[in-house]
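Engineer: Quick one, what's the 3D model for this:
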Amino acid sequence: MSSAAGTPSDGGGDRPWQSYHTAYTNAKAGMEGVDKEKVQKVIYEMSKGSKYFENEQKKEAITKLKIEHLRAQCAKLTDNDISHFQKVAEKKILELEASRDLSKIWLHTDMDAFYAAVETLENPSLKGKPLAVGSMSMIATASYEARKFGVRAAMPGFIGCKLCPDLVFVRPNFERYSHYSGLARKVFQRYDPNFFATSLDEAYLDITEVCIERGITGEEVASELRDAVHQETGLTCSAGVAPNRMIAKVCSDINKPNGQFILPNDRDAVTTFVSTLPIRKIGGIGKVTEQMLHQVLSISTCQEMLQKAAFLCALFSEGSTDFFLSVGLGLGGTETPEHRLRKSMSCERTFSATNDSRLLFEKLDNLAENLADDMQKECLKGRTLTLKLKTAAFEVRTRAATAQNYMSSKEDILIYAKKLLKAEMPLSLRLMGLRMSHFSGEKDDSTSPTQKTLDRFFQSSDINSNTNGTNGASCIDVSGGHNDCNDAATKDESIHDAEKDVSIDQQSSHDDNSSVPEGASSVNYDNEAASSSWKVTQTEKFDELGDLTSSRACASSSKPGQHFWADGYICSLCGFELPPCFEEERQEHSDFHLAEMLQQEEAVDNTARLSKERLAERPCSTTTTPTPKKKLKSSKEGKHIPIDSFFLKCNKKL
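Structural biologist: Down below sits the predicted model:
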């Protein structure tokens, strides 16, 4: 085969930190002159031995195994194979090139060190100082003065202090940031009423019509917009202008802070620009993908994607290959995404690792309050509630429950959230989140009155608890006492002081959002065994590399009936296609199938119940004998506990 395989990973020996790559070792704007090896060494030494470090080692070991597997596949390719895939690649490139659209002008704007800039604006005494918004647990944003020392967002504060002893910390104020974000968005609307924001400080604008109507260039629009934002907010922003959204985002990062970069709507200009562009600069290519492409195929720049196109076609799924080749050609989205109805809403909080059940239920109370407030502001009601947990060992678990009736109040959300959390206790957590999905229209839908609803289930559970002398309105503490989880609590802060245990911001723009496979659940739920309409489902998240590689590897490790993304982009249940970079959309799609599955199970349970009732009501006959129906497998035979019995059993134990 051709010499396409890459060199082994750097590091090892007496310099082990060289092979330690985390989210916060990747450079951001303003960190160009930083001694990367020095920063990497400090991070390695201070992370070594922590739970985060151990978890990173586990993920790194899995990644290395998959890279070795890809190398083995690459080594098996014959000259005929490579020739075949080269023709396939050339055909794909021609098709993609034919889709190139140079008629649109896109502008991506990004506020400069947004949180830190807002804090400096509110408190001028902070100007010129190395500033970090966050705490010793995690830094949300670092000022450009702090970035010169290697301090960046998503980095633990105690590591930031080691890199920059004079680092000044400020607690975050998200209400303040939302206010300034709203002021900036009013400016964006002047240029594109249909602009769409990806965060509080980033937005994409289609400025094609503005340029045509006013007879001005994209460069003039970018300068005018940046001046207007500064005048309205007192803050600076950077902008990038290009023929598509993918390249515009890259351009906005080039001349940060308070700068802009314009890429002409010319094919040669675009291809020249991306030819030397590092692949990590592209949104959707994170740490794992970068390692894979570099170590297997020696790909470091976008142009090398096209040079190794045959190997990409041979080793990766069709969706991933199309994405990689589009990157190599400098192609990206040019149409304004359609405004869709929101499919989910979530909130989560990171805090110091704790196993204190009272504190965990207080945080759950705060999350439910925040989620309810957000939903009520947008007049939304949902049915599927998902609880996200990150343990002290950095393992991520998600548990979901679906109710028959739609809900939006804090009280309703808490009823289900508490049950989900109780089922996982005892455990030590460092992050908790709630997500509501499966939203209704304007009216609550009601199903068959004979169906056992989630509300009825909990009402019956409370009645049973009260019969046993237990207060159904209180939460059971793992220590054996009762906690009133409905007590008023102050709003949970997003960041709390922590021990020397590394925390990572999973919303980092260029980092993979892969998660560790969930730990074993304390309870084994079975769809057949659960007699009520409420189901608890464990959602397994695959790491990014698993999503990108072929469906054969995915299928071999997946359980029957379990949802996963075949070929990295095809839904295993309905065939819907979503690339790995569409993280939010993929999560929403998974939630949809989760809700659909639970509804189907409810319908099956209801049908079985009605059949039994009709059989019982049928008049007896002396001449005919009804055919006995096949009995369902009992929970004892399947070694599964019905969910009603499970919670009663838990209450008795506690």
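Engineer: any weak-confidence spans in this structure?
Structural biologist: Counting by pLDDT under 70, the ranges of the chain that qualify are 1-27, 339-340, 441-570, 572-586, 588-589, 591-654.
Engineer: hang on, T350 is in a strand, isn't it?
Structural biologist: Yes - the assignment for T350 (DSSP: H, G, I helix; E, B strand; the rest coil) places it in a strand.
Engineer: Spatially nearest residue to it (excluding sequence neighbours)?
Structural biologist: Of all residues not flanking T350 in the chain, L431 sits nearest, at 4.9 Å (Cβ to Cβ, 6 or more residues apart in numbering). The C-beta positions use only the backbone N, C-alpha and C, and glycine is treated the same way.
Engineer: For the helix or strand where that neighbour lies, which strands pair with it and how are they oriented?
Structural biologist: Using DSSP states H and E, L431 sits in strand 429-439. Using DSSP bridges, the strands paired with strand 429-439 in its sheet are strand 344-354 (antiparallel), strand 382-391 (antiparallel).
Engineer: How many residues are close by the closest residue to C347 other than its chain neighbours?
Structural biologist: Spatial nearest neighbour of C347, chain neighbours left out: N370 (4.8 Å); criterion: Cβ to Cβ, 6+ apart. N370 has 18 neighbours, counted by other Cβ atoms under 10 Å.
Engineer: Is N370 in a helix, a strand, or coil?
Structural biologist: Here N370 is recorded as helix under three-state DSSP.
Engineer: For it, give its distance to M432.
Structural biologist: According to Cβ to Cβ, to the nearest Å, N370 and M432 sit 11 Å apart.
Engineer: likewise A417?
Structural biologist: From A417 to M432 the distance is 9 Å (Cβ to Cβ).
Engineer: When the two are compared, which one has more neighbours?
Structural biologist: Set A417 next to M432 and count neighbours by other Cβ under 10 Å: A417 wins out with 25 against 22.
Engineer: Quickly find the element holding the more buried one.
Structural biologist: Per DSSP H and E, A417 falls inside helix 410-424.
Engineer: do L331 as well
Structural biologist: Using DSSP H and E, L331 falls within no helix or strand.
Engineer: How many residues are close by it?
Structural biologist: L331: 22 neighbours (other Cβ under 10 Å).
Engineer: How about M246?
Structural biologist: If we define neighbours as other Cβ under 10 Å, then M246 has 23 of them.
Engineer: What residue, apart from its backbone neighbours, is nearest it spatially?
Structural biologist: Leaving aside its chain neighbours, M246 sits nearest to G332 (2.8 Å; criterion: Cβ to Cβ, 6+ apart).
Engineer: need the contact list for the one you found.
Structural biologist: Contact analysis of G332 by Cβ atoms under 8 Å, 6 or more residues apart in numbering lists 244-248, 326.
Engineer: okay if I get the residues you listed as CSV plus secondary structure and distance to T272?
Structural biologist: Compiled in CSV, those are given as follows (DSSP: H, G, I helix; E, B strand; the rest coil; distance: Cβ to Cβ, whole Å):
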residue, secondary structure, distance to T272
N244, coil, 15
R245, helix, 19
M246, helix, 16
I247, helix, 12
A248, helix, 16
S326, helix, 17
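Engineer: Out of those residues, who's the most crowded?
Structural biologist: Among the contacts of G332, A248 has the most neighbours (other Cβ under 10 Å), with 27 neighbours.
Engineer: distance of that residue from F53?
Structural biologist: 37 Å.
Engineer: do R190 as well
Structural biologist: 48 Å.
Engineer: who's more crowded, those two?
Structural biologist: Using other Cβ under 10 Å, the more surrounded residue of R190 and F53 is F53, with 18 against 13.
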